[in-house]
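Trainee: Have a look at this fold, sequence not included:
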């Protein structure tokens, strides 16, 4: 209990009608926290919040101060005022955690994978719906199918989307090794991202490219672009100019592999150094992509495979032991062209009787 005395100067009428007293409330808050340390049941168990409790208790204390106001003349109390002081104490308890019964392996087999939202997956079986993409992209020739009528979606945009840049073009010196070959007047040229180049499988194939304005061109793949991202095309400058102003530098495009619409026959070209002891041949001017090249030395009774190289030649390092061979070329559309009596003289050219 505290008492405060106010001495007021005597007034003629002791009129205190205009005096007033105010109630004062003082509040203070204090938080006390207790932390509980959870000890795992066993090293081989993983603590997982299964159930828990959390409560908050509030304790309020109130202190009342009584203040008496006294007039200096006469000493009669005029008004008594209660002054309330409140303090609040919050007590918070921690969550109770129960360890789960799931054992935690001593050395985790969990690894980051190429999955949606960067989720963890066991190094064991991967769900089929989340199978990661192969780190080494490859081109798989499509099996021949019955042609379907073209729809508006088919003609509007390609199924592959990326960007297009441009360079000076390099038909003779590109990785496809088309030295001595001249592109048909109806076709432009392009390099293709290394991932789409797919071990030279794209060499000689044509792509229908749709630019940002909807305009289309057709270009033959003559080179690879090691610095390009997936689905990127590095067009010859004249091809890029058909789709956009060169000042743009790069543009978004969509594209697909399509037949080149070449009516003239395909051509076989031997590499330098070709002989009966080392075989290397290239297919030029093909209407569609080349799937396989096989060689026969017994008039077509049997056929032996060759291996396609990154520089777009089909080779057999041991050779076939004869001065001429028959060659069977199979396209990605399943069509076959057989060329008989092909010499193994270095850099010799042989024109076939048809195309794929």
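Mentor: Here it is on my side, so go on. No experiment lies behind these values; they were computed from the predicted model shown. Numbering: from 1, shown residues only.

Trainee: Contact partners for residue 330?
Mentor: Taking C-beta atoms under 8 Å, 6 or more residues apart in numbering, we find residue 330 in contact with 290, 291, 292, 293, 294, 336. Backbone N, C-alpha and C define where each C-beta goes, glycine included.

Trainee: could you redo those as JSON lines and give each row neighbour count and distance to residue 240?
Mentor: Listed next are these as JSON lines, based on neighbours: other C-beta atoms under 10 Å; distance: C-beta to C-beta, whole Å:
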{"residue": "290", "neighbour count": "25", "distance to residue 240": "27"}
{"residue": "291", "neighbour count": "18", "distance to residue 240": "30"}
{"residue": "292", "neighbour count": "16", "distance to residue 240": "33"}
{"residue": "293", "neighbour count": "22", "distance to residue 240": "33"}
{"residue": "294", "neighbour count": "19", "distance to residue 240": "38"}
{"residue": "336", "neighbour count": "13", "distance to residue 240": "36"}
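
Trainee: which one's the longest helix in this protein?
Mentor: Assignment by DSSP state H gives helix 237-243 as the longest helix of the chain.

Trainee: Quick one: residues in contact with that one.
Mentor: For helix 237-243, using C-beta under 8 Å, 6+ apart, the contacting residues are 164-169, 188-190, 209, 211-213, 215, 217, 219, 235, 246, 251, 253.

Trainee: Can you flag which of the residues you listed belong to strands?
Mentor: The members of the contacts of helix 237-243 that map onto strands under DSSP state E are 164-167, 188-190, 209, 217, 219, 235, 251, 253.

Trainee: among those, who's most crowded?
Mentor: Of all the ones in strands among the contacts of helix 237-243, the most densely surrounded is residue 190 (29 neighbours; neighbours counted as other C-beta atoms under 10 Å).

Trainee: bridging residues for that one?
Mentor: Counting by DSSP bridges, residue 190 is bridged to residue 221, residue 235.

Trainee: Quick check: it vs residue 218, distance?
Mentor: Using C-beta to C-beta, to the nearest Å, residue 190 is found at 10 Å from residue 218.

Trainee: tell me, what's touching those two both at once?
Mentor: 207, 209.

Trainee: residues in contact with residue 285?
Mentor: Per C-beta under 8 Å, 6+ apart, neighbours of residue 285: 181, 204, 262, 264, 265, 266, 267, 355.
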